[in-house]
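Student: prediction below, plus the sequence it came from.
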Amino acid sequence: MLKRGVRATGYLLGTLGTAAVTLVGLPLLCVPAVGRPWAGRHRRWAGRIRGVTVPPGQPLRRWYWVWLPAHVVAGLAAGLLTVLAVGNLLTAMVVTPLWWAFPADEPAKLFFDVPVRDWGTALALGAAEIVVLSAVVFLLLPLLADGYARATLALLAPSPAERLADRVEVLTRTRADVLEAHSAELRRIERDLHDGTQARLVAIAMRLAVARDALPDDPALVDRLLREAHESTEEAMTELRDVIRTMYPPILADRGLAGALRTVAARSGIRTDVEVGELGKVPAAVEAVAYFAAAEALTNVTKHSRADAAVVRAHRHGDQLSIVIRDDGAGGADEAAGSGLAGIRRRAEALDGVVTVSSPPGGPTTLTVELPCG
Amino acid sequence: MRVVIAEDNVLLSSGLELLLARRGFEVVATATDADAFLAAVGEHRPDVTIVDVRLPPSFRDEGIRAALRARRDHPGLPVLVLSQYVEHEYASELLASAPTGVGYLLKDRVSRVDEFVDALRRVAAGGTALDPEVVAQLLNRRSDPLATLTRRERELLALMAQGHDNATIAARLFITDNAVHKHISNIFAKLGLAATDSGHRRVLAVLAYLRA
């Protein structure tokens, strides 16, 4: 109860502050680019009071324009009420034991405006005031905060139906991307095998056939054909290995994501620490994307960042797998500059994942890849 | 020389048997999984073993584990591990147990019969045979101090790390034994390694440096 009261007080005092800011900055807050984070912040605070998680980055709803003036009026009122209640409670707690220190012609006042001239009055009135105001702060303010948060969420957070509609829209788009990415991948593999390995096998078979034909009468030709067939076989093996590696790195199959991340880290040119939490069962497609992201990011780090050290973290929160690659380099990574970040994003988004890059000039650079495993 | 093979793919094991028989090796047993391999090693006490990394039942890294088990049970047992792809991590695990009589090569290398047989004999004699690709991975990791080496010196270091002796290195690079000696002392000086005699101890020093 104590904690709820303190939290509610904090929230309502914050509301007073933001209501004042809203009043002053009203024209600016009507600009959607400014309004979106403002609304998001209030949703988050309200969500914390209500004990619900609010998905970040939602678009502005029409109700935002209602909420703005309502927040100014109601926020100021609720905030001032809070200031009064809490302020008087604290005052009573100080004045009650110290009433005697006030000058005689200007006595201490408790319970609104009753002057205090002896210990009896002080204790009786002080206790009464503290009880009443405590009840207000610890019982009423939490209810007020809860109501305020509920109203805020009702106006600012999307309704379940809207959220569902957004989700369907996102999923429809990413599903199309997944299909497109998957088709492109199949075409690439088909082309690699068709133009490379398959063509080489045909050439090898032809050479061997001619060699058999020439066996009785042209040993020099047989020798040359066998040598060429041998070399082609080796090239085919190398190509095949490369194709397999881009489909699903064998180290993932052997050692799982944790082991594979460690080999990638060990292979990078700089000191790279790996922290892997309990990952549980991760789908192969997700593992592959996580692995490629880490490998690609570490290649970037080694090539561009001038970093001395990097760290790769892999953790599982519910059905989310998060991979974080951080380096202590120069920062300023630019996705548009074709640094491989776009490739990571494309692969991650194909699995409905989210990629965030933070790379201020001067560093450090942090790449976060969140991938759903469910 | 008596050989035990652990390879579940009949095409590959029969190919190996054919190749080894032609070069005067005696394949005393071919196991198709780790348990059969360990049993065969206990029974036949071979001079050298050849193990595929992926074996039943899960086709992951059973071969590496079987090789390590076999070497624990029979210290000094020479093991040459073959794989369709190579990771320096596996090489490190194999070398960590006891760095003598260990080989780790891509399966592709088998088709270069002379080099493969040379590697097998080296492993049987207690030497090492690391795939050039593994060595390349190791060299990539230590870019800083290695940047001071000339291209020739890097080639030489790679060949040393693969487990070759001076004579082979000289032949591969078309240089004299003396030149090899001179290059090696330059490399060791640049990397701050104590000069060791040629032979296996030097290979180990180089590998220890690259894996550190």
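Tutor: Perfect, thanks for sending it.
Student: residues from chain B in reach of chain A?
Tutor: By Cβ under 8 Å from any Cβ of the partner chain, the residues of chain B that approach chain A are B:53-54, B:59-61, B:84-85, B:87-89, B:107-108, B:111, B:137, B:140-143. Where you see a C-beta, it was placed from the backbone N, CA and C, and this is true even at glycine.
Student: which among those residues end up buried?
Tutor: When those are checked for burial by 16 or more other Cβ atoms under 10 Å in any protein chain shown, the buried set is B:Val53, B:Arg54, B:Arg60, B:Asp61, B:Tyr85, B:Glu87, B:His88, B:Glu89, B:Lys107, B:Asp108, B:Gln137, B:Arg141.
Student: these: which two are farthest apart?
Tutor: Spanning the widest gap among those are B:Arg54 and B:Arg141, at 24.9 Å by Cβ to Cβ.
Student: and the strands in chain B?
Tutor: All strands of chain B, identified by DSSP state E, fall at B:2-6, B:26-31, B:48-52, B:79-83, B:102-106, B:128-130.
Student: next, format those as CSV and append mean neighbour count.
Tutor: As requested, the strands of chain B are arranged in CSV below (neighbours: other Cβ atoms under 10 Å in any protein chain shown):
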stretch, mean neighbour count
strand B:2-6, 24
strand B:26-31, 18
strand B:48-52, 27
strand B:79-83, 25
strand B:102-106, 26
strand B:128-130, 25
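Student: is it possible to get TSV of these that adds mean pLDDT?
Tutor: Below are the strands of chain B laid out as TSV (pLDDT from 0 to 100):
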stretch	mean pLDDT
strand B:2-6	97
strand B:26-31	96
strand B:48-52	96
strand B:79-83	95
strand B:102-106	94
strand B:128-130	93
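Student: could I get these as CSV with distance to B:Ser185?
Tutor: Formatted as CSV, the strands of chain B follow (distance: least, Cβ to Cβ, whole Å):
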stretch, distance to B:Ser185
strand B:2-6, 37
strand B:26-31, 41
strand B:48-52, 32
strand B:79-83, 31
strand B:102-106, 26
strand B:128-130, 21
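Student: which among those is found nearest to A:Phe112?
Tutor: strand B:79-83 (86.3 Å).
Student: end to end on stretch B:106-118, go ahead and measure it.
Tutor: End-to-end distance for stretch B:106-118: 15 Å, by Cα to Cα, to the nearest Å.
Student: confirm that A:Arg313 sits in a helix.
Tutor: No. Checked against DSSP: H, G, I helix; E, B strand; the rest coil, A:Arg313 lies outside a helix; its state is strand.
Student: pLDDT wise, what is B:Val110 at?
Tutor: As predicted, B:Val110 sits at a pLDDT of 91.
Student: any idea which helix or strand of chain B has the worst average confidence?
Tutor: Every helix and strand in chain B was compared by mean pLDDT, DSSP states H and E; the lowest is helix B:143-146, with a mean of 72.
Student: elements contacting the helix or strand harbouring A:Arg173?
Tutor: Assigned by DSSP states H and E, A:Arg173 belongs to helix A:160-192. Packing partners of helix A:160-192 (3 or more Cβ pairs under 8 Å, 6 or more residues apart in numbering or on different chains; DSSP states H and E): helix A:219-247, helix A:341-350.
Student: buried sites along that helix?
Tutor: The neighbour-count check on helix A:160-192 (16+ other Cβ under 10 Å) flags A:Thr174, A:Val178, A:Ala181, A:Asp192 as buried.
Student: how far does that helix sit from the chain's center?
Tutor: In terms of Cα atoms, centre = their mean, to the nearest Å, the centre of helix A:160-192 is found 20 Å from the chain centre.
Student: can you tell me what sits against the helix or strand that it is followed by?
Tutor: Later in the chain than helix A:160-192, the nearest helix or strand by DSSP H and E is helix A:199-214. Helix A:199-214 has contacts (Cβ atoms under 8 Å, 6 or more residues apart in numbering or on different chains) with A:Leu221, A:Val222, A:Leu225, A:Leu226, A:Glu228, A:Ala229, A:Ser232, A:Thr233, A:Glu235, A:Ala236, A:Glu239.
Student: which of those are buried?
Tutor: Going by neighbour count (16+ other Cβ under 10 Å), these have A:Val222, A:Leu225, A:Ala229, A:Ser232, A:Thr233, A:Glu235, A:Ala236, A:Glu239 buried.
Student: measure the most far-flung residue of chain B relative to its centre to A:Leu164 for me?
Tutor: Largest separation from the mean C-alpha position in chain B: B:Thr148, at 26.7 Å (Cα atoms, centre = their mean). Look at B:Thr148 and A:Leu164: by Cβ to Cβ, to the nearest Å, they are 62 Å apart.
Student: same question, A:Arg36
Tutor: Taking Cβ to Cβ, one finds A:Arg36 at 21 Å from A:Leu164.
Student: any idea how far A:Ser232 is from the nearest residue to A:Val222 once chain neighbours are set aside?
Tutor: Once flanking residues are discounted, A:Val222 sits nearest to A:Ala211: 4.8 Å by Cβ to Cβ, 6 or more residues apart in numbering or on different chains. A:Ala211 is 13 Å from A:Ser232, where distance means Cβ to Cβ.
Student: same question for B:Tyr90.
Tutor: Distance from B:Tyr90 to A:Ser232, by Cβ to Cβ: 28 Å.
Student: residues contacting B:Leu191?
Tutor: B:Leu191 neighbours (Cβ under 8 Å, 6+ apart): B:Pro145, B:Leu146, B:Tyr209.
Student: go with 10 Å
Tutor: For B:Leu191, the contacting residues are B:Arg142, B:Pro145, B:Leu146, B:Thr148, B:Leu149, B:Glu153, B:Leu157, B:Ala205, B:Val206, B:Tyr209, B:Leu210, by Cβ atoms under 10 Å, 6 or more residues apart in numbering or on different chains.
Student: now for those: which two are most distant?
Tutor: Farthest pair in the contacts of B:Leu191 (Cβ to Cβ) is B:Thr148 and B:Ala205. Separation: 17.6 Å.
Student: my read is that the residue farthest from the centre of chain B contacts B:Lys190, right?
Tutor: Yes. Taking contacts as Cβ atoms under 10 Å, B:Thr148 lies within contact range of B:Lys190: 5.1 Å.
Student: what's the single longest helix in the chain?
Tutor: Because you didn't say which chain, this covers chain A. Longest helix in chain A, counting residues (DSSP state H): helix A:64-98.
Student: correction: the question concerned chain B.
Tutor: helix B:177-191.
Student: look up phi and psi at A:Leu351.
Tutor: Dihedral angles of A:Leu351 (phi, psi; degrees, to the nearest 10) stand at phi -110, psi 20.
Student: what does the one 3 residues further on give?
Tutor: Here is the backbone geometry of A:Val354 (degrees, to the nearest 10): phi -130, psi 130.
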